[in-house]
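Student: A predicted structure for the sequence below; I have some questions about it.
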Amino acid sequence: MLTTVLALETSCDESAVALVRRNNGKTQVLSSKIASQVEEHARWGGVVPEIASRRHLEALPFLIEQAIAESKVFIPNVDAIAATVAPGLVGALMVGSVTARTLAAFYSLPFLGIHHLEGHLASILLSKKPPEPPYLVLLVSGGHTELIEVIDHQKYQRVGRSHDDAAGEAFDKVARLLGLPYPGGPSIEAVAKHGNPNRFQLPKGRVSKPGGGFYMYDFSFSGLKTAMLRRVESFDASVEAIPVADLAASFQNIVAEVLVERTLLCASNRNLKKVVMVGGVASNSRLRELMEASCHKNSIEVHLSPKAFCTDNAAMVGAAALNRLKFSNSSSSLELGVSARLSLHQAEALYSQNPLF
Ligand code: KG4
Ligand code: ZN
């Protein structure tokens with residue numbers, strides 16, 4: 001059976017539209033269009049919410065036209081319309097949500113509000129051989145660093161998290177410290193290629209428990225950020241030029257090691273034989289190599305989100321919507337709004353006919 005979804009993603013600084021289809025159990029991307037606003041925000045060193053909303057509003061109609069032209073699927077022929085509704089920047093989310101709800105109302109189609117993290121999790125369905133649950137997911141993006149056990153389709157349990165910055169946020173802040181452009185992840189990765197990852201000893205950031213000991217599967221990047229600041233300051237005070245490439249490589253390496261070590265420890269202690277990695281930071285080559293090598297060494301099956309679907313995109317939102325349709329035939333109320341915050345275990349509430357927000 002064929003099911004086709006038109007999906008929109010506008011939670012942060014990428015305007016994205018996709019047409020995604022489920023065909024005999026396989027998820028196919030018919031078209032995935034992204035208009036990045038990164039250059040516009042780079043001038044300010046980070047995302048400016050007001051600019052993001054305006055750019056989404058300008059970009060969406062064109063992206064929808066392009067996606068239709070490429071896929072040759074017209075809106076009356078899709079089965080549902082989906083948009084990310086939480087968490088994210090409310091003004092930005094509202095643009096995608098209102099557009100999707102308007103189209104759904106006009107064409108009398110079901111509307112599905114999608115949780116952004118469920119979108120990232122669903123990006124693994126766009127890989128060649130998607131895994132079946134149960135599995136452990138390391139979700140690493142600009143807003144989140146979480147270890148999530150996917151117990152079954154749409155049944156999640158968060159088992160680890162960052163207590164301060166998300167991994168992507170740490171990349172962005174450290175890049176700024178090193179004088180590299182926003183977004184920090186790709187710029188750190190690029191200069192790190194020419195650097196020595198072992199030159200600087202950096203802390204792995206453990207999170208203490210109030211009664212003693214550590215949270216084994218949690219993360220903290222604030223100490224690492226401070227350590228990087230101190231290194232930069234010490235070079236600033238000396239005659240030696242800041243060794244940007246070595247600092248970037250050492251930072252990238254320690255972040256990759258921390259993420260991989262704790263993911264594997266968690267998988268092993270929870271007896272999970274499959275590990276999945278998704279989110280913007282999951283496109284980092286060093287992290288991908290280390291995750292693959294460590295999983296192979298420990299006889300754990302590893303699934304990485306395809307690079308093209310790691311950073312924000314609408315194909316992953318469409319894939320999440322296809323799952324919601326398949327496993328619970330869900331749809332959202334047209335009165336559903338948007339929310340800056342919503343934990344993943346509340347995603348189910350997006351399909352209540354009495355919306356939470
Ligand atoms: O998933 P995403 O596109 O948006 C959020 O949901 O947050 O992730 C964006 C984050 C940014 O912090 C960016 O610096 C980081 O992902 N990122 C990377 C790489 N590409 C993007 N971090 C490390 N290495 C990369 N190659
Ligand atoms: Zn994201």
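Tutor: Cool, got the structure. Ligands and ions are numbered 1, 2, ... in the order given.

Student: L121 is in what secondary structure piece?
Tutor: Element membership for L121, per DSSP states H and E: helix 116-122.

Student: show me what that helix packs onto, helices and strands only.
Tutor: Counting contacts by 3 or more Cβ pairs under 8 Å, 6 or more residues apart in numbering; DSSP states H and E, helix 116-122 is packed against strand 80-86, strand 135-140, strand 145-152, strand 274-278, helix 315-328. The way it works is simple: take the backbone N, C-alpha and C, and place the C-beta from them, glycine included.

Student: do any residues in the last one lie close to ligand 2?
Tutor: No: applying Cβ under 5 Å from the ion, one finds helix 315-328 separated from ligand 2 by no less than 8.5 Å.

Student: ok so, going back, so of the helices and strands packed on helix 116-122, which one's packed in deepest?
Tutor: Counting by mean count of other Cβ atoms under 10 Å, strand 80-86 has the highest mean neighbour count of these, with a mean of 29.

Student: doesn't L30 lie inside a strand?
Tutor: Yes: counting by DSSP: H, G, I helix; E, B strand; the rest coil, L30 is located in a strand.

Student: surely it is in contact with A69?
Tutor: No: counting by Cβ atoms under 8 Å, L30 does not reach A69; the two are 11.2 Å apart.

Student: give the buried residues for stretch 52-66.
Tutor: Neighbour counts over stretch 52-66 (16 or more other Cβ atoms under 10 Å) mark 52-57, 59-60, 63-64 as buried.

Student: for L30 and A69, indicate the residue with more neighbours.
Tutor: L30 (20 against 10; other Cβ atoms under 10 Å).

Student: list the contacts for the closest residue to that one other than its chain neighbours?
Tutor: Nearest non-adjacent residue to L30, counting by Cβ to Cβ, 6 or more residues apart in numbering: S71, 3.7 Å away. By Cβ atoms under 8 Å, 6 or more residues apart in numbering, the residues touching S71 are 19, 30-31.

Student: need the three-state assignment for A67.
Tutor: helix.

Student: ok and the residue in the stretch 201-350 of the chain nearest ligand 1?
Tutor: G280 (2.1 Å; Cβ to the nearest ligand atom).

Student: give me the buried stretch members for stretch 23-35, please.
Tutor: In stretch 23-35, counting by 16+ other Cβ under 10 Å, buried: 27-35.

Student: interface residues of this protein facing ligand 2?
Tutor: Residues of the chain that fall close to ligand 2, judged by Cβ under 5 Å from the ion: 141, 312.

Student: just give me how far the least confident helix or strand in the chain by mean pLDDT sits from the chain centre.
Tutor: The helix or strand of the chain with the poorest confidence is helix 38-42; it has a mean of 88 (mean pLDDT, DSSP states H and E). Offset of helix 38-42 from its chain centre (Cα atoms, centre = their mean, to the nearest Å): 19 Å.

Student: what residues are up against the residue of the stretch 101-250 of the chain found nearest ligand 1?
Tutor: Closest contact between the stretch 101-250 of the chain and ligand 1, by Cβ to the nearest ligand atom, is at G185 (1.9 Å). Counting by Cβ under 8 Å, 6+ apart, G185 touches 168, 171-172, 175, 280-281, 283-284.

Student: same list, these, but as CSV with pLDDT and secondary structure please.
Tutor: Shown next, in CSV, are the contacts of G185 (pLDDT from 0 to 100; DSSP: H, G, I helix; E, B strand; the rest coil):
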residue, pLDDT, secondary structure
G168, 97, helix
F171, 98, helix
D172, 96, helix
A175, 97, helix
G280, 98, helix
V281, 98, helix
S283, 98, helix
N284, 98, coil
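
Student: of those residues, closest to L6?
Tutor: Nearest to L6 out of the contacts of G185 is G280 (Cβ to Cβ; 23.3 Å).

Student: distance of the residue nearest in space to the middle of the chain relative to R231?
Tutor: Residue closest to the average C-alpha location in the chain (Cα atoms, centre = their mean): G279, at 3.0 Å. Distance, G279 to R231, using Cβ to Cβ, to the nearest Å: 27 Å.

Student: before we move on, what about A166?
Tutor: Taken as Cβ to Cβ, the span from A166 to R231 is 22 Å.

Student: repeat for P210
Tutor: Applying Cβ to Cβ to P210 and R231 gives a distance of 31 Å.

Student: looking at these two, which one has more neighbours?
Tutor: Neighbours per residue (other Cβ under 10 Å) separate P210 from R231, with R231 holding more: 21 against 5.

Student: enumerate every residue touching the more buried one.
Tutor: R231 makes contacts with 200, 247, as judged by Cβ under 8 Å, 6+ apart.

Student: circling back to that earlier point, tell me the pLDDT of the residue nearest to L30.
Tutor: For S71, the model assigns a pLDDT of 98.

Student: what of L125?
Tutor: 98.

Student: tell me who's in contact with S331.
Tutor: S331 neighbours (Cβ under 8 Å, 6+ apart): 80, 110-112, 351.

Student: and R21, by the same measure?
Tutor: R21 neighbours (Cβ under 8 Å, 6+ apart): 2-5, 27-28, 30, 73, 322.

Student: so it sits in a helix?
Tutor: No: per three-state DSSP, R21 lies outside any helix segment and is strand.

Student: separation between L325 and ligand 2?
Tutor: Using Cβ to the ion, to the nearest Å, L325 is found at 22 Å from ligand 2.

Student: can you get me a residue count around F357?
Tutor: F357 has 16 nearby residues by other Cβ under 10 Å.
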